[in-house]
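> with the sequence up front, the predicted model follows.
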Amino acid sequence: QSLGKTTVPCKDTPGFVVNRLLVPFLFEAVRMVERGDATPQDVDVAMKLGAGHPMGPFELFDYIGHDTMDLIMEGWSGRYPEETLFRRSEAVMKLVAEGKLGKKTGEGFYKY
């Protein structure tokens, strides 16, 4: 609070509150695309217009970085292998292996 932040209590859980909700949400968007349900562009438009998000999940994924996101999920899935929400994504692992990490490399789900 001395830093001008608001704190909230939370039990010890991966990512605490914000990242515990955000990371599986972003990976579920990726799974939708992997299944062929929608394109990254359509998911982003839908979430910005339909949910009022300032950025779509694929834009945010690219902003955070694919390597960072995969590393988070690798840790969580290793610690909680039975939790299906913590499954890694083949598409993300492929992009990371290709060096397509998002905005910081100029390409991820989008080209920059």
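Thanks, I have the structure now.

> burial of the closest residue to residue 72 other than its chain neighbours, as a residue count?
Setting aside the residues directly before and after it, residue 72 is nearest to residue 23 in space (CB to CB, 6 or more residues apart in numbering), at 5.7 Å. In short, each C-beta sits where N, CA and C put it, glycine included. As a burial measure, residue 23 scores 20 neighbours (other CB atoms under 10 Å).

> please list the residues outside the one helix or strand residue 23 maps to that contact it.
Using DSSP states H and E, residue 23 maps to helix 18-35. If you take CB atoms under 8 Å, 6 or more residues apart in numbering as the criterion, helix 18-35 is touched by 13-15, 38-40, 43, 47, 56-58, 60-61, 64, 69, 72-73, 76, 85-87, 89-92.

> just the buried ones from those, in ChimeraX syntax?
To isolate the buried ones among those in ChimeraX, judged by 16 or more other CB atoms under 10 Å, type:
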select :14,40,43,47,56,57,58,60,61,64,69,72,73,76,86,89,92
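
> what's the neighbour count on residue 6?
5.

> ditto for residue 8
Count around residue 8 with other CB under 10 Å applied: 7.

> again with residue 68
Residue 68 - counted by other CB under 10 Å - has 14 other residues nearby.

> ok now the host helix or strand of it, how far from the chain's centre?
Using DSSP H and E, the element containing residue 68 is helix 66-79. Here helix 66-79 is found 10 Å from its chain centre; the criterion is CA atoms, centre = their mean, to the nearest Å.

> quick one: low-confidence residue ranges for this protein.
Within the chain, no stretch has pLDDT under 70.

> work out which residue lies at the spatial centre of the chain.
Geometric centre of the chain, nearest residue: residue 26, 3.4 Å, by CA atoms, centre = their mean.

> that one and residue 11, how far apart?
Distance from residue 26 to residue 11, counting by CB to CB, to the nearest Å: 22 Å.

> could you do residue 20 as well?
Distance from residue 20 to residue 11, by CB to CB: 10 Å.

> neighbour count winner among these two?
residue 20 (15 against 6).
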